[in-house]
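Novice: Could you work out the structure for the sequence below:
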Amino acid sequence: MVADNPRAMTPPRFIVPGRLHFLTIRTVCRMFKLVPQREVVRVFEYLFAVSAQRFGMQIHEALCMSNHFHALVTDVEGLLPKFVEYLDMLLARSLNAMRGESGSVFEKGYGQIEVTSDEKALEHAVYILANPCEADLVRRSRHWPGFSTLKMKYGESVVFERPKVGLWRRAAERAERKRKRTRNAKREAYRGKPSTMPERIEFRLERPPVHDELSDIELRAQ
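Specialist: You can find the predicted model right below:
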């Protein structure tokens with residue numbers, strides 16, 4: 001059966017384990033759902049690390065803007081779509097819970113480019129880390145207050161603690177609170193609630209599989 005409007009169909013994604021990808025994930029209608037407030041940054045970095053570990057993603061570079069984020073990753077196990085779906089779900093539920101909102105946060109589709117050369121890998125890495133400068137938001141990338149791997153070194157690990165914001169509640173509990181509480185009161189009700197997520201998660205920045213002749217320091221300098 002052929003769809004009446006072929007353009008409405010999402011093109012198939014060819015997922016092969018071990019491939020290097022450049023990802024772009026955008027918020028719905030380019031809304032500023034990821035504005036780098038302290039609490040939002042903590043939620044993003046924690047859930048990004050949780051999702052990467054769960055699906056075996058090697059993260060080479062990543063940066064979160066106010067209405068989208070980019071990442072250069074190696075999909076070790078061929079689970080890229082599940083990684084993106086899981087991360088989007090957790091972020092949407094967490095941000096909505098934090099703000100007392102509901103509804104979609106991210107677009108259904110996401111940008112995925114398979115990286116097939118060393119030079120393209122470097123090009124994408126530079127684009128990711130320089131994105132705030134390209135958008136004229138800061139003069140230097142290191143000044144961007146949002147999540148970024150710029151200041152990390154390859155092979156370096158950091159530990160992110162679970163934010164003191166509840167990730168989600170049971171539907172019945174949410175409905176009851178919606179009837180009884182105002183929007184501001186509801187937001188406070190989600191803070192500091194128990195969660196089944198780990199209290200701490202380790203995030204490691206991996207060297208991209210390019211330019212083997214260069215040391216880690218030399219490659220990062222590029």
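Novice: Val50 - nearest residue in space that isn't next to it in sequence?
Specialist: In space, not counting the residues next to it along the chain, Val50 is nearest to Ile201; the distance is 5.2 Å by C-beta to C-beta, 6 or more residues apart in numbering. From N, CA and C alone the C-beta is placed, and that goes for glycine too.
Novice: secondary structure class for His124?
Specialist: Assigned state for His124: helix (three-state reduction, DSSP: H, G, I helix; E, B strand; the rest coil).
Novice: Next, count neighbours for the nearest residue to it once chain neighbours are set aside.
Specialist: In space, His124 comes closest to Phe22 once its chain neighbours are excluded; the distance is 4.2 Å by C-beta to C-beta, 6+ apart. Here the count is done by other C-beta atoms under 10 Å, and Phe22 has 22 residues near it.
Novice: host element of Phe22?
Specialist: Of the helices and strands defined by DSSP states H and E, Phe22 is found in strand 19-26.
Novice: Just checking: what are the partner strands of that strand?
Specialist: Next to strand 19-26 in the sheet, as set by DSSP bridges, lie strand 68-75 (antiparallel), strand 111-114 (antiparallel).
Novice: Which one of those strands lies nearest to Met57?
Specialist: Evaluated over the strands paired with strand 19-26, closeness to Met57 peaks at strand 68-75, with 5.0 Å, by C-beta to C-beta.
Novice: Identify each buried residue in stretch 143-160, please.
Specialist: Of the residues in stretch 143-160, 144, 146-150, 152, 154, 160 count as buried by neighbour count, 16 or more other C-beta atoms under 10 Å.
Novice: Of the strands paired with strand 19-26, flag the one that's most buried.
Specialist: When these are scored by mean count of other C-beta atoms under 10 Å, the highest mean neighbour count falls to strand 68-75 (a mean of 22).
Novice: picking that back up, out of the strands paired with strand 19-26, the one nearest Ala121 is which?
Specialist: When those are ranked by proximity to Ala121, the top entry is strand 68-75, at 7.0 Å, counting by C-beta to C-beta.
Novice: Quick one: the strands paired with strand 19-26 as TSV, columns for distance to Arg13 and mean pLDDT too.
Specialist: Output for the strands paired with strand 19-26, formatted as TSV (distance: least, C-beta to C-beta, whole Å; pLDDT from 0 to 100):
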stretch	distance to Arg13	mean pLDDT
strand 68-75	11	98
strand 111-114	6	95
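Novice: and of these, who's closest to Arg139?
Specialist: Comparison of those against Arg139 by C-beta to C-beta identifies strand 68-75 as nearest, at 19.8 Å.
Novice: what's the next secondary structure element after the closest one?
Specialist: Counting by DSSP H and E, the element that comes right after strand 68-75 along the chain is helix 80-99.
Novice: For the chain, which segments count as strands?
Specialist: For the chain, strands defined by DSSP state E occupy the ranges 19-26, 57-64, 68-75, 111-114, 157-161, 200-204.
Novice: Now tabulate those strands in a markdown table and tack on distance to Ala125.
Specialist: Compiled in a markdown table, the strands of the chain are given as follows (distance: least, C-beta to C-beta, whole Å):
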| stretch | distance to Ala125 |
| --- | --- |
| strand 19-26 | 9 |
| strand 57-64 | 5 |
| strand 68-75 | 6 |
| strand 111-114 | 13 |
| strand 157-161 | 19 |
| strand 200-204 | 16 |
